[in-house]
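*Asks:* Fold the stuff below for me.
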Amino acid sequence: MADAAAVAIGTEAGQFNGTDLQLRILVENSYREQDEDSTARPDFEPTDYCGTHFDPFPIAHHDFNIHKLPSTPLTLFQSFLPEWLIEKWVDYTNNGVVLEPAHGSRQSQ
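*Replies:* Next up is the predicted model:
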């Protein structure tokens, strides 16, 4: 593997200058997605191999609990969208951005 060049961020005190830490990026077995982009995609052939052992993700046990629904549909709606947010939407809608006509347009005369 060839060594990657160290990157200098800045020369002022407290900034990474390339001597404190060197970031190595392994791009073997990868290809660039676009010439203008630094995104590298793995270049491996897909495999047909299927494993024989599976370790499920451990999930903590929680007691089953059903909460009662609010008394009205509006209360249920407000639990997901608070009233202050709806008031902001109403304010944005009623007092929207006022655009002035462009200079030289028919409305500006």
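*Asks:* Strands along this structure, start to end?
*Replies:* 30-32, 40-42 (DSSP state E).
*Asks:* and of those strands, who's closest to Asn95?
*Replies:* strand 40-42 (47.7 Å; Cβ to Cβ). Every C-beta, even on glycine, is put in place using the N, C-alpha and C of the backbone.
*Asks:* Show me what that closest one is in contact with.
*Replies:* With contact meaning Cβ atoms under 8 Å, 6 or more residues apart in numbering, strand 40-42 is reached by Val27, Asn29, Ser30, Tyr31, Arg32, Glu33.
*Asks:* rewinding a little: possible to save the strands of the chain as CSV with mean neighbour count?
*Replies:* Putting these into CSV (neighbours: other Cβ atoms under 10 Å) gives the following:
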stretch, mean neighbour count
strand 30-32, 12
strand 40-42, 11
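*Asks:* Glu83: which of the ones you listed is closest?
*Replies:* Short answer: strand 40-42, nearest of those by Cβ to Cβ, at 47.0 Å.
*Asks:* Pairing partners for that closest one, with directions?
*Replies:* strand 30-32 (antiparallel) (DSSP bridges).
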